[in-house]
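> Everything below, folded, please.
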Amino acid sequence: MDLQNHVSIDLAIAHEGGRRMDSAPNGVSIGAVRLRNWQIDRIDAPADMFDGYHAHFIKINYELELEPGLPGMPWFEIAFDFVPGEKESPVTVIDALPRFGTFANMPKPYVLNQFLNFVPGENGASTHVLLPASTDRVDMFGIGGQDVRWRHVSLGETGVLPGSYAAWVVLLTPAGQFEQRVEFSARYDLAVGPDVEYRPTQSSANFRLSLSAPSEAPGVVTPSLSAPVADRSDEFHPSVFICYAHDSLLHKYYARQFGNLLVRNGVHVYMDQWDESHRKNWATWARELINKVDFVTVLASPICCKAFDGKLKGDDNPGIRSEALLILEKLHARREEWTAKVLPVVLPHELVEHVSDMLQTWTVDHYEIRHLTAEGIDGLLRAMTGVPRYTRPPLGKLPPSVFESLSGTES
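Numbers count the residues shown, from 1 in each chain. Predicted coordinates:
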């Protein structure tokens, strides 16, 4: 198959009751990941909400195709970059589902509120999205930008499940723009034997969305004005392993208070002080949790810094040594993924200088917590949820005056 083929997807304005499926993406594939038909509808947004832009509701169907009997795939990722042309204004991903975490209990309904955000709703005829249950973890990136991607990560030994998946996007496109280039890319972790001469590649595929001009007909997706502003606290609870050294009783106390604060603010926390109920292999305990959780916080301290820098002597502090070696191994082998997962934290009683250089203190973010309060950990929680404090507004137009020259007699 020619991966650089142009796929035209007509975002026609559908009249009331006229939802439509488009078969153009069907069969576009990158390795084990294949696109299927897309459902595309225009959103009946208030005219003055996004001046000069149109909003679209897109359901992206895709699937993971694996041959029976192959080793499990630990993770795979799909991404869509809405690339602007030389003279085109960028589009914006207003919101997308699934967002973050696992959804193992039962399917969950969502509706669009007046700000075009997905919020939990009641299961019924007014539901816009019914998010299926899943035992894998899904991480989403891209809200507020021109690209969006989803990473599926297996939490078990069998790998991510093959089969059909779906994702939903609220997409803002400039009015008067009738074509939008999209770059579809995929990454995946396939186990191959040492004797295999060739390795799987992940080249991108380009296609184009054809955007029809608006009409007076209303869109088929109408936001719910009564839906609440997005409350995501019941949807995603990140899990965190606290990696720290036992420098002093004071440091252990602050580490425990930090863990308590995270739990009170919706984070599943794992730390040694809460798990001393019976004799265990602490190295195995740490390895299993570090591989399981969404994030690892590394608390700055002199001993922790030396452990990550490889400067500890003798046989003391075996726990932090083992954890540091494992975390550094993860960073070395899968730099992009684990840079986002490992979060260096400086508690109120500590110094930034006690964050190891191996964790890239200044070229990558670190999190100084001056007060153990909800406000004090706001930046850290945003790193876990991926939701920025501020979002970029849609690109406006240059004022006409900048295209006019003053005459020689004007001053």
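
> show me where the stretch 101-250 of the chain has helices.
Ranges of helices in the stretch 101-250 of the chain, per DSSP state H, counting those that start in this stretch, are 249-264.

> the strands in it, which residues?
108-112, 118-120, 129-131, 134-141, 147-153, 163-174, 179-188, 205-211, 239-243 (DSSP state E, counting those that start in this stretch).

> so where's this protein shaky on pLDDT?
1-27, 46-48, 101-106, 122-127, 190-202, 210-235, 408-411 (pLDDT under 70).

> which other residues reach the helix or strand where A383 lies?
Secondary-structure element containing A383, defined by DSSP states H and E: helix 378-385. Applying C-beta atoms under 8 Å, 6 or more residues apart in numbering, the contact partners of helix 378-385 are 100, 232, 236, 238, 240, 265, 267, 294-295, 297, 343, 345, 365, 367, 369, 388-389. For every residue, glycine as well, the C-beta is placed using N, CA and C.

> now stretch 58-67
Contacts for stretch 58-67 (C-beta under 8 Å, 6+ apart): 32-41, 73, 76, 78, 80, 152, 160-171, 188.

> So the nearest residue to W282 once chain neighbours are set aside: helix, strand or coil?
Leaving out its chain neighbours, the residue that sits closest to W282 by C-beta to C-beta, 6 or more residues apart in numbering is G319, at 5.8 Å. The three-state label for G319, taken from DSSP: H, G, I helix; E, B strand; the rest coil, comes out as helix.

> unless I'm mixing things up, G319 is touching T284, no?
No: G319 is beyond contact range of T284, at 11.9 Å (criterion: C-beta atoms under 8 Å).

> can you map out the strands along the stretch 251-400 of the chain?
268-270, 295-299, 342-346, 367-368.

> Can you redo those as a markdown table, where the extra columns are distance to K87 and mean neighbour count?
Formatted as a markdown table, those follow (distance: least, C-beta to C-beta, whole Å; neighbours: other C-beta atoms under 10 Å):
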| stretch | distance to K87 | mean neighbour count |
| --- | --- | --- |
| strand 268-270 | 48 | 17 |
| strand 295-299 | 41 | 24 |
| strand 342-346 | 40 | 21 |
| strand 367-368 | 41 | 18 |
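
> Can you add distance to K108 and give those back as a markdown table?
Supplementary listing: these in a markdown table, determined by distance: least, C-beta to C-beta, whole Å:
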| stretch | distance to K108 |
| --- | --- |
| strand 268-270 | 18 |
| strand 295-299 | 23 |
| strand 342-346 | 27 |
| strand 367-368 | 30 |
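
> among those strands, which is nearest G156?
strand 268-270 (17.3 Å; C-beta to C-beta).

> From the contact counts, what lies against that closest one?
On a contact count with 3 or more C-beta pairs under 8 Å, 6 or more residues apart in numbering; DSSP states H and E, strand 268-270 meets strand 239-243, helix 249-264.

> ok and the shortest one relative to helix 249-264, angle-wise?
Taking axes from the mean of the first three to the mean of the last three C-alpha atoms, to 10 degrees, one finds that strand 239-243 is oriented at 180 degrees with respect to helix 249-264.

> And G319 and T284? Which one has more around it.
Taking neighbours as other C-beta atoms under 10 Å, G319 and T284 compare with G319 leading, 17 against 10.

> Contact partners for that one?
By C-beta under 8 Å, 6+ apart, G319 lies in contact with A245, H246, D272, W282, A283, A286.

> Counting neighbours, what do you get for the fifth one?
It refers to A283. 15.

> One more: the third one?
Using other C-beta under 10 Å as the criterion, D272 is surrounded by 21 other residues.

> With Y165 instead?
So Y165, with other C-beta under 10 Å, has 23 neighbours.

> most packed of the strands of the stretch 101-250 of the chain?
strand 239-243 (a mean of 24; mean count of other C-beta atoms under 10 Å).

> Name the strands paired with that one and say parallel or antiparallel.
strand 268-270 (parallel), strand 295-299 (parallel) (DSSP bridges).

> Put together TSV for those strands, with distance to T135 on each row.
Shown next, in TSV, are those (distance: least, C-beta to C-beta, whole Å):
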stretch	distance to T135
strand 268-270	16
strand 295-299	19
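
> and of those strands, who's closest to G259?
strand 268-270 (4.7 Å).

> domains for the chain, by residue range?
Per automatic domain parsing, the structural domains of the chain span 8-211, 239-385.

> Which one, of the ones you listed, ends up nearest to L395?
domain 8-211 (4.8 Å).
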